[in-house]
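Asks: For reference, the sequence and a predicted model appear below.
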Amino acid sequence: MASLAANPPRGFHVQYIDDIAVLVLNNKENRFNVNSVQQLLDALDEVERNDSANALVITGIGKFFSNGLDLNWLSQQPPDVGLKFFGMLKEMNLKLATFPVPTIAALND
């Protein structure tokens, strides 16, 4: 069985171990902002297009699986960007809730 890359790139990206897709969150505290949510949505789309993926494991590198919303970033955004962001969060949550393969969160201890 293969294993995860020793030095995964920054950001949110997918690696495959046999028929399991592993979505790796590797962006310091893995806080959500427009860019990170878009990366996550793109990664989920990639897994969804891969017919050989039979499961999805989501994990974070470092101390945090995810430290939630990037409130520092959000507090500096104009209202239209905030509305766009919350729409993207809704899309992300719906996609995860209805994902076509079993999905597991692997949390760090």
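Replies: Looks like it came in fine. Numbers count the residues shown, from 1 in each chain.

Asks: Now Gly62. Its backbone dihedrals?
Replies: Gly62 adopts backbone torsions of phi 100, psi -160, taken as degrees, to the nearest 10.

Asks: I'd assumed Ser66 was in contact with Asn30.
Replies: Yes: counting by Cβ atoms under 8 Å, Asn30 touches Ser66, with 4.3 Å between them. In this view, the C-beta of every residue, glycine as well, is placed from N, C-alpha and C.

Asks: Between the two, which is the more surrounded one?
Replies: Asn30 (22 against 17; other Cβ atoms under 10 Å).

Asks: where along the chain do the strands fall?
Replies: Using DSSP state E, the strands of the chain run over residues 11-17, 20-26, 55-60, 103-106.

Asks: residues shared between the contacts of Asn30 and Ser66?
Replies: Gly60 (Cβ atoms under 8 Å, 6 or more residues apart in numbering).

Asks: Check the strands of the chain for me and report the most buried one.
Replies: Per-stretch averages of neighbours, counted by mean count of other Cβ atoms under 10 Å, single out strand 20-26 among these, with a mean of 22.

Asks: tilt between that strand and strand 55-60?
Replies: 20 degrees (axes from the mean of the first three to the mean of the last three Cα atoms, to 10 degrees).

Asks: what about the helices in the protein?
Replies: 34-49, 71-74, 79-97 (DSSP state H).

Asks: Of all those, which one comes closest to Ile20?
Replies: For Ile20, the closest of these is helix 34-49, at 10.0 Å, according to Cβ to Cβ.
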